[in-house]
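**Q** Kindly generate the corresponding structure for this input.
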Amino acid sequence: MPAVSKGDGMRGLAVFISDIRNCKSKEAEIKRINKELANIRSKFKGDKALDGYSKKKYVCKLLFIFLLGHDIDFGHMEAVNLLSSNKYTEKQIGYLFISVLVNSNSELIRLINNAIKNDLASRNPTFMCLALHCIANVGSREMGEAFAADIPRILVAGDSMDSVKQSAALCLLRLYKASPDLVPMGEWTARVVHLLNDQHMGVVTAAVSLITCLCKKNPDDFKTCVSLAVSRLSRIVSSASTDLQDYTYYFVPAPWLSVKLLRLLQCYPPPEDAAVKGRLVECLETVLNKAQEPPKSKKVQHSNAKNAILFETISLIIHYDSEPNLLVRACNQLGQFLQHRETNLRYLALESMCTLASSEFSHEAVKTHIDTVINALKTERDVSVRQRAADLLYAMCDRSNAKQIVSEMLRYLETADYAIREEIVLKVAILAEKYAVDYSWYVDTILNLIRIAGDYVSEEVWYRVLQIVTNRDDVQGYAAKTVFEALQAPACHENMVKVGGYILGEFGNLIAGDPRSSPPVQFSLLHSKFHLCSVATRALLLSTYIKFINLFPETKATIQGVLRAGSQLRNADVELQQRAVEYLTLSSVASTDVLATVLEEMPPFPERESSILAKLKRKKGPGAGSALDDGRRDPSSSDINGGMEPTPSTVSTPSPSADLLGLRAAPPPAAPPAPAGAGNLLVDVFSDGPAAPASLGPTAEEAFLSELEPPAPESPMALLADPAPAADPGPEDVGTPIPEADELLNKFVCKNNGVLFENQLLQIGVKSEFRQNLGRMYLFYGNKTSVQFQSFSPSVVHPGDLQTQLAVQTKRVAAQVDGGAQVQQVLNIECLRDFVTPPLLSVRFRYGGAPQSLTLKLPVTINKFFQPTEMAAQDFFQRWKQLSLPQQEAQKIFKANHPMDAEVTKAKLLGFGSALLDNVDPNPENFVGAGIIQTKALQVGCLLRLEPNAQAQMYRLTLRTSKEPVSRHLCELLAQQF
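**A** Sure thing, here's the model as predicted:
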């Protein structure tokens, strides 16, 4: 940058700034500013033309006044005139004024753009850099449209100087982040990758930042960068601090560039080329070795730079998850940081080890640090570090250490910070259920949870324990005895009363033989808590009382007296009054046989996934990470908890339907569920691991905590690996879909898992996951009969032009399906372009010699490729106004078909795929969302607004996207969910 001569010191500006600083009051400052503004205005309006120096000086004063917080409404034209000057200092002040004061709607934009074009074409590197800086600083869409095509040419031009290339790369990055659709991908993308070999380190650093951002949405265009990035990283890591003297920071060579290169490599799977992979592994080993060397400086800057590279290296090792030696070494290195005196390092070490714990290669190494982590949970002063320690204990838990970890977390819960108590409760409940060796320990653990932190035990937790006790005959007596003893405590939490009321009402007869827990004693113990409870708990206790009349006839008179009491029959709460009247009449009118039939023991609950895990995922948020999806294969696992668990993915992507999982939780136990149908004889499609041919019915030791996620690939592109395509029949060979096909399809718009179809012969279940424009779907075909299916042939058909819009690759299944067995089919899906019509699933087989055929609509809709996008309110409204063309908007006003519950609505919108934006809509009752439809050909931005009117029981749904068919189709899909 040219040196500023002494003549450019602008003495008048210095005097003005000095006067402002010497003002004794705000009034004096305003008076001096007004005087100066009047003087500048008169100079600009005067007849005498101002020279460049005077213009520069007065524009500088206006800029200073603006930075003090005062409005400036003139001087813009003079600043634009400075852009045409050939003097660097004058041009610099002009660009500075424009970058700060000129908005994107200014009438001067055209003049400014012309000046910028002249400077970009001047081939003067100094002027070109000033112009590029201005484009990046303003970053408006108008400037992006004007220069997005020119900047890539400047970036890859052979005659561009290093400083210009550096500025062009950063300017292009700014424009791409502001308006991705304006930056065209073309020939320059292949050439920009080779900037990683540039001799100028500043150019390389800027290029890495640009490529990292671009390759996240266009990975194929930049995949050649991997080998170049490895080569550059190898040169930096193996160099001495003196080799890169200008880019060495406290004896660490090029730390910023090293970190950026490591992050770039995390955008891709491990290199396939053996030589490149070997060189990369060597680099990673070198970084780990250097971490063990004594520090070359005692200054904190040295350790910070060194540790930044180390932690990014460990993140890359975790991302690859393919080098056992490196994973174990990374774990040992992090273990040394667990007791470091620096709090931030302890936090980062715990956070990284949470991810390492989910790898089968490093899980055992992580477990060796269990005592250190437990000590951190007890002694750390910082609550965020304690929370990470709890996360790590949760992630490292397996059957060998479950009791120790659960007991430590229970002990910590007594003194835990209120902010994280609910999360600790959920984790303890999940671990106790998942790794229960015997169910008596599980019952004890949950009751301890309620005793220690009853206020933080959600409904999902105590619902779940009731399901398990109801489904397990061997634990019912123990549960009744334990809960009876717990209720005898003087201070008993209301959740304990709920659990006790339900269990004693169902299984109190199992402990009635003991005089200490005779029926009258059980009733009096429960009724002593009655008046201290909420309405919901009292309603549950009334149901328990009527159950007691059936179980213990000797208590009938006492209970009827309670029901006849005026406080019940004339209760202000309608629910309690109705229950009291109906139960009293039922006990008085019905015969013993009728009473026994109506009040018989609850049937077993249908096996389903645990809603506790879903609640924990919601609480942790979208960036929950793989610590929650703890899917390691545990060699010591037994069938008691469902056997082998699914292999985790190294890329943690929360399922779009995660927030809907809680809706599948069991209903409150006061209301009996529907008896299990014949379909429940089949292995549940939500069970762990890949489905294999299975026998009829769940065994007594089947899993009672299932995880929905199927085994996931290491990278999104791996979803399409190793396809085994089956020959699809033509559309003319497939019958029309069944009449209820649309209704079945609509059930899966906001969820990814469930039973797609079921009749007396066949059950079809679905598990699926989607990332960007890729998806994987598991179809489970269950034979509900005792007769073998012959010539079983499921296939996927693309009606119309769907083949050019959606690629579906299927894997063949066995041609015979035994009676009562289940087979699995894997579908790999790639969205090529936006589509409206879903693919068809055609199932053909022979049953008892008779041919059977079935055609369904496969639950693959365009919203499955919806990626949620977080936006600030200002950005949302700006984008909303940009999508204002009539064809870009679809709106529908419709009557609510379901109860208008805000939480259910929120869950459905999250399941639909959009991000919910808080504090955007002025009306807090409305819902606002944003996301991007990811296809191979293009990306379609989408904004939505849902306005519920509870009084009229109606909704107004508005969607705006950049493509008309997408707006209409998304609007139709979403409207049908409410």
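**Q** Going by C-alpha atoms from here, please, whenever you check contacts or count neighbours.
**A** Noted.
**Q** Quick check: which element contains Lys35?
**A** Assignment of secondary structure by DSSP states H and E places Lys35 within helix 26-45.
**Q** in that helix, what counts as buried?
**A** By 16 or more other Cα atoms under 10 Å, the buried positions in helix 26-45 come out as Glu29, Ile33, Glu36, Leu37, Ile40, Lys43, Phe44.
**Q** Including pLDDT and distance to Glu272, could those residues go into a markdown table?
**A** Compiled in a markdown table, the buried residues of helix 26-45 are given as follows (pLDDT from 0 to 100; distance: Cα to Cα, whole Å):
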| residue | pLDDT | distance to Glu272 |
| --- | --- | --- |
| Glu29 | 92 | 67 |
| Ile33 | 92 | 66 |
| Glu36 | 91 | 67 |
| Leu37 | 92 | 66 |
| Ile40 | 90 | 66 |
| Lys43 | 87 | 68 |
| Phe44 | 87 | 66 |
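**Q** Out of these, which comes closest to Thr555?
**A** Proximity of those to Thr555, judged by Cα to Cα, is greatest for Glu29, which lies at 87.5 Å.
**Q** show me what contacts that closest one?
**A** Ile20, Cys23 (Cα atoms under 8 Å, 6 or more residues apart in numbering).
**Q** How much space separates it from Leu68?
**A** Glu29 sits 10 Å away from Leu68, going by Cα to Cα, to the nearest Å.
**Q** got it, and Asp875?
**A** 26 Å.
**Q** More neighbours: the two, which one.
**A** Each of Asp875 and Leu68 had its neighbours counted (other Cα atoms under 10 Å), and the higher figure belongs to Asp875 (12 against 9).
**Q** chain center to the helix or strand in which that one is found, what's the gap?
**A** Using DSSP H and E, the secondary-structure element containing Asp875 is helix 873-882. Taking the mean C-alpha point of helix 873-882 and that of its whole chain, the gap between them comes to 23 Å (Cα atoms, centre = their mean, to the nearest Å).
**Q** partners of the helix or strand following that helix in the sheet?
**A** Sequence-wise, the next helix or strand downstream of helix 873-882 (DSSP H and E) is strand 889-895. Sheet pairing of strand 889-895 (DSSP bridges) gives strand 954-961 (antiparallel).
**Q** Val443 and Val465 touch, don't they?
**A** Yes: using Cα atoms under 8 Å, Val443 and Val465 qualify as a contacting pair, with a distance of 7.2 Å.
**Q** Looking at those two, which is more packed in?
**A** It is Val443, of Val443 and Val465, that has more neighbours when counted by other Cα under 10 Å, with 24 against 21.
**Q** C-terminal to the lowest-mean-pLDDT helix or strand in the chain, what's the next element?
**A** Taking mean pLDDT, DSSP states H and E as the measure, the helix or strand of the chain with the lowest value is helix 611-620, at a mean of 65. Using DSSP H and E, the helix or strand that follows helix 611-620 in sequence is helix 741-746.
**Q** and that following helix, which residues are buried?
**A** When burial is assessed from 16+ other Cα under 10 Å, helix 741-746 yields the following buried residues: Ala741, Leu744, Leu745, Asn746.
**Q** Check those residues against Ala557 and report the nearest one.
**A** For Ala557, the closest of the buried residues of helix 741-746 turns out to be Leu744, at 50.7 Å, with distances computed as Cα to Cα.
**Q** Pull the contacting residues for the nearest residue to that closest one once chain neighbours are set aside.
**A** When the adjacent residues along the chain are set aside, Leu744 lies closest to Leu756, with 6.4 Å between them (Cα to Cα, 6 or more residues apart in numbering). Contacts for Leu756 were tallied using Cα under 8 Å, 6+ apart; they are Leu744, Leu745, Gln763, Ile764, Gly765, Val766.
**Q** So the third one lies in a strand, does it not?
**A** Yes: counting by DSSP: H, G, I helix; E, B strand; the rest coil, one finds Gln763 located in a strand.
**Q** okay but Arg846 is in contact with Asn783, surely?
**A** No: distance between Arg846 and Asn783: 11.9 Å, which falls outside the contact criterion (Cα under 8 Å).
**Q** what is in contact with these two at once?
**A** With Cα under 8 Å, 6+ apart as the test, Arg846 and Asn783 both reach Phe789.
**Q** more crowded one of the two?
**A** Asn783 (25 against 16).
**Q** pLDDT score assigned to the more buried one?
**A** With respect to pLDDT, Asn783 has a value of 89.
**Q** Glu769 too?
**A** Per-residue confidence (pLDDT) for Glu769: 89.
**Q** what kind of secondary structure is it in?
**A** State at Glu769, reduced to three classes by three-state DSSP: strand.
**Q** measure it to Asn753 for me?
**A** Note on Glu769: its distance to Asn753, by Cα to Cα, is 9 Å.
**Q** before we move on, what about Leu67?
**A** Leu67 sits 56 Å away from Asn753 when distances are taken as Cα to Cα.
**Q** Quick one: the helices in the stretch 51-200 of the chain, in order.
**A** Counting by DSSP state H, counting those that start in this stretch, the stretch 51-200 of the chain forms helices over residues 52-67, 76-82, 88-101, 109-121, 125-138, 141-147, 150-156, 162-178, 188-193, given from the N-terminal end onward.
**Q** Please name every helix or strand in contact with the last one.
**A** Spelled out, it's helix 188-193. Helix 188-193 makes packing contacts with helix 150-156, helix 201-215 when contacts are defined by 3 or more Cα pairs under 8 Å, 6 or more residues apart in numbering; DSSP states H and E.
**Q** Tell me which of the ones you listed approaches Ala952 most closely.
**A** Judged by Cα to Cα, the one of the helices and strands packed on helix 188-193 that comes nearest to Ala952 is helix 201-215, at 46.5 Å.
**Q** sorry, back to before: so the helix holding Asp875 versus strand 954-961, what angle?
**A** Compare the direction of helix 873-882 with that of strand 954-961 by axes from the mean of the first three to the mean of the last three Cα atoms, to 10 degrees and you get 80 degrees.
**Q** neighbouring contacts of helix 873-882?
**A** Residues beyond helix 873-882 that count as contacts (Cα under 8 Å, 6+ apart) turn out to be Asn919, Val920, Leu943, Arg960.
**Q** Count the residues that sit near the last one.
**A** For Arg960, the number of neighbouring residues by other Cα under 10 Å comes to 30.
**Q** tell me the contacts of the nearest residue to it once chain neighbours are set aside?
**A** Nearest-residue entry for Arg960: Glu889, 4.4 Å, with adjacent residues in sequence omitted and distances by Cα to Cα, 6+ apart. Residues in contact with Glu889, defined by Cα under 8 Å, 6+ apart, are Leu883, Thr958, Leu959, Arg960, Thr961, Glu964, Ser967, Arg968.
**Q** circling back: looking at Leu67 and Asn753, which one has more neighbours?
**A** Per other Cα under 10 Å, whichever of Leu67 and Asn753 has more neighbours is Asn753, with 23 against 13.
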